[in-house]
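>>> Generate a structure from the sequence data that follows.
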Amino acid sequence: MPSRLRLPVETPAAVVLAIAAIGLLRVATANWREGAVLLGGSLLVGAVLRAVLPLERAGMLAIRSRVIDVLSYTGLGLAVVLLALTITRGSLTVG
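Below you'll find the model as predicted:
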């Protein structure tokens, strides 16, 4: 029986970091609202991955207990997304 293809244990954290990097790129290109939503979204993706993956597959997403990690990632992710969506001023540039 062939063994199942298993992704490296760093894959979940790499996915979260890739989304965050795209968000930072959007912020750097003056699309701060989209970038902030992507940054918050990366935390929410991290929360989902931490909730569904077993400890040995969660890799660097597992910092504390599963409950604390999921609550922390979810709370921070929602806070960033909600702040980005509720700021009514159109630009954060000076001048």
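>>> helices and strands of the protein: which one bottoms out on pLDDT?
helix 55-58 (a mean of 92; mean pLDDT, DSSP states H and E).
>>> Next, the buried residues of that helix.
57-58 (16 or more other Cβ atoms under 10 Å). In short, each C-beta sits where N, CA and C put it, glycine included.
>>> and the helix or strand that comes right after that helix, what other elements does it pack with?
Remark: after helix 55-58, the chain's next helix or strand is helix 66-86, criterion DSSP states H and E. If contacts are counted by 3 or more Cβ pairs under 8 Å, 6 or more residues apart in numbering; DSSP states H and E, helix 66-86 sits against helix 32-52.
>>> List the buried residues of the helix it packs on.
So helix 32-52, judged by 16+ other Cβ under 10 Å, has buried residues 32-33, 35-47, 49-50.
>>> and what of stretch 68-84?
Residues of stretch 68-84 classed as buried: 69-70, 72-74, 76-77, 80-81, 84 (neighbour count, 16+ other Cβ under 10 Å).
>>> Return the residues in contact with Ala62.
When contacts are counted by Cβ atoms under 8 Å, 6 or more residues apart in numbering, Ala62 is found next to 50, 55, 69.
>>> what's near enough to touch the residue minimising distance to the centre of the chain?
Nearest to the mean C-alpha position of the chain, by Cα atoms, centre = their mean, lies Ser42 at 1.8 Å. If you count contacts by Cβ under 8 Å, 6+ apart, Ser42 has them with 16-17, 19-20, 23, 77.
>>> one more time with 10 Å
Shown in contact with Ser42 (Cβ atoms under 10 Å, 6 or more residues apart in numbering): 15-24, 73, 77, 80.
>>> For those, which ChimeraX command selects only the ones that are buried?
ChimeraX command restricting those to the buried ones, with burial defined by 16+ other Cβ under 10 Å:
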select :15,16,19,20,22,23,73,77,80
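>>> Can you tell me which of the contacts of Ser42 is nearest Leu7?
For the contacts of Ser42, the closest approach to Leu7 (Cβ to Cβ) belongs to Val15, at 9.8 Å.
>>> Just the element for the nearest residue to Leu53 once chain neighbours are set aside, please.
The spatially closest residue to Leu53, leaving aside those adjacent along the chain, is Pro12, at 6.1 Å (Cβ to Cβ, 6 or more residues apart in numbering). Take DSSP H and E as the rule and Pro12 turns out to sit in helix 11-28.
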